[in-house]
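**Student:** sequence isn't available, so here's the structure alone:
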């Protein structure tokens, strides 16, 4: 009976040690597997554009995205009025496909957007 209790306790200690070491060694990171670009003229009509990216979380737990940076052609981040026009929107793709760069009408017509953001998010 003592062997069973000792074995069970040892098993739990071992599992806890492995879990803690994985957590302590690898907090995790996002990996972006795609890239999307859009020409300036696509934004001149004032309509929403959807830019799809395929990225995954490699790590333990469920991360919270605290900051997104959008980079211009010259390598500088968008700021001020330019940045305020962008509304990040996340939707999980069940099949792993991304939409690329398309306008809102096409996204909705193709059934790729289950929950469109509210109109005031432009």
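**Tutor:** Okay, I see it. Given the structure is predicted, the values throughout are model-derived calculations rather than measurements.

**Student:** the one residue sitting closest to the centre of the chain: what's it in contact with?
**Tutor:** Closest residue to the average C-alpha location of the chain: residue 55 at 5.7 Å, with C-alpha atoms, centre = their mean. Residue 55 makes contact with 30, 31, 32, 33, 34 under the criterion C-beta atoms under 8 Å, 6 or more residues apart in numbering. (Glycine included, C-beta is placed from N, CA and C.)

**Student:** 7 Å instead, please
**Tutor:** Shown in contact with residue 55 (C-beta atoms under 7 Å, 6 or more residues apart in numbering): 30, 31, 32, 33.

**Student:** now do residue 38
**Tutor:** By C-beta under 7 Å, 6+ apart, residue 38 lies in contact with 49, 51, 101.

**Student:** and those residues, which is closest to residue 79?
**Tutor:** residue 51 (18.6 Å; C-beta to C-beta).

**Student:** so that closest one versus residue 13, what's the distance?
**Tutor:** Applying C-beta to C-beta, to the nearest Å, the value for residue 51 to residue 13 is 48 Å.
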